[in-house]
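Q: just need the structure, nothing else, for what follows:
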Amino acid sequence: MESSTTNEERPRVAVLGTGIMGAPMARTIAASGMPVRVWNRTRSTAAPLAGDGITVADTPEEAVAGAEVIVTMLSDGNVVERVMSGIGGPPAGAVWTQMSTVGIAATERLAALAGNLGLVFVDAPVLGTRGPAENGALTVLAAGPADARDRAAPVFDAVGARTVWFDDVGAATRLKLVANSWVLALTSATGEALALARGLGLDPRQFLDLVSGGPLDSAYLHIKAEAILEQDYTPSFSLANAAKDARLLLEAADAAEVRMDLAAATAERLERAAGDGHGGKDMAAGYFASFRRS
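A: Now for the predicted structure:
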């Protein structure tokens, strides 16, 4: 990936968490000419990144040593807090771009932790899954102080096609939760429509053909429907993480006194499918929640 960033503008970057999203993000950052160190709790998951010119660290402390931008892309807020709290002395004044989806309460805790650690905090969850992450085409929702924008920009430009900035920390996370409510509703609706078609003795593709090209059509519908029809649940975004995100948006809605009936039903479906052993599959595997266990 080509970058117009000069050598002087290429910050040293630490990426903590190299799962489905973190690994391709680390690659696109490195491909843009920035020196990258990564850490992952399971080192073997991070090890292949060494072939992309990325340094694989044994500890979070080693990964962040000398870093000017720290990226966290871990499973949830508690994990992010535990990892960052355990770093003895991160580089004072470094920009911490917290890019995991962790919810409102955790974002507030992490922002306070950043202040205690002497880091500049940017609330920066991303919209997109593995494919966009691999192509540097995520949408970054970023909220933080004005003086962090130029410093974080090379990283955001590397991983994303678009960055939407907000002034107040927490605003990015709130919008991400709204977007997630829509994504989760579409995913559940897709699974239920295909399950109902099969239950009624129809070829589910008849439904897809019926809506294709019309006002009821959606590119996302076809992406998730194809995964279901081809029984290819290679995770673009895991069902377990989708269930976590559903819980986060329900917590936010409850605090805001907003009833989210569809989100609650989706959360229940995802939890049921995860309980049946589908948690590591793509979130489209929520489809299996439509059927009674044998």
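Q: CA atoms for contacts and neighbours, from now on please.
A: Fine.
Q: show me how far the longest helix along the chain is from its chain's centre.
A: When the chain is parsed with DSSP state H, its longest helix is helix 171-199. In terms of Cα atoms, centre = their mean, to the nearest Å, the gap separating the centre of helix 171-199 from the centre of its chain is 15 Å.
Q: that one packs against which elements?
A: Applying 3 or more Cα pairs under 8 Å, 6 or more residues apart in numbering; DSSP states H and E, we find helix 171-199 packed against helix 104-117, strand 126-127, strand 138-143, helix 204-211, helix 219-229, helix 239-255, helix 261-273.
Q: residue 28 is nearest to which of the ones you listed?
A: With Cα to Cα as the measure, strand 138-143 is the member of those nearest residue 28 (11.0 Å).
Q: picking up where we left off before, what's the angle from the longest helix of the chain to helix 104-117?
A: 140 degrees (axes from the mean of the first three to the mean of the last three Cα atoms, to 10 degrees).
Q: may I see the buried residues of helix 171-199?
A: If you call a residue buried by 16 or more other Cα atoms under 10 Å, then helix 171-199 has these buried ones: 171-174, 176-177, 180-181, 184-195.
Q: so where's this structure uncertain?
A: 1-8, 294 (pLDDT under 70).
Q: try 80
A: 1-9, 293-294 (pLDDT under 80).
Q: centroid-wise, who is the farthest residue in it?
A: The C-alpha centroid of the chain is most remote from residue 201, which lies 36.6 Å away (Cα atoms, centre = their mean).
Q: how near is residue 11 to residue 69?
A: Remark: distance between residue 11 and residue 69 (Cα to Cα, to the nearest Å) = 7 Å.
Q: which of the two has more neighbours?
A: Legend: neighbour count by other Cα atoms under 10 Å for residue 11 and residue 69, higher for residue 69 (26 against 22).
Q: which non-adjacent residue is nearest residue 121?
A: The spatial neighbour of residue 121 that comes closest, neighbours along the chain excluded (Cα to Cα, 6 or more residues apart in numbering), is residue 96 at 5.0 Å.
Q: and the helix or strand hosting residue 46, C-alpha only, in PDB?
A: Per DSSP states H and E, residue 46 falls inside helix 43-46. Only the C-alpha atoms of helix 43-46 are listed here, as PDB (Å, rounded to 0.1, in the frame of the first residue of the first chain):
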ATOM      1  CA  ARG A  43       2.100 -15.400  20.700                       C
ATOM      2  CA  SER A  44       1.600 -18.000  18.000                       C
ATOM      3  CA  THR A  45      -1.300 -15.900  16.700                       C
ATOM      4  CA  ALA A  46       1.000 -12.900  16.200                       C
END
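Q: now it: buried residues?
A: Those would be residue 46, for helix 43-46 by 16+ other Cα under 10 Å.
Q: what lies in contact with it?
A: With Cα atoms under 8 Å, 6 or more residues apart in numbering as the test, helix 43-46 has contacts from 18-19, 23, 38-40, 56, 58.
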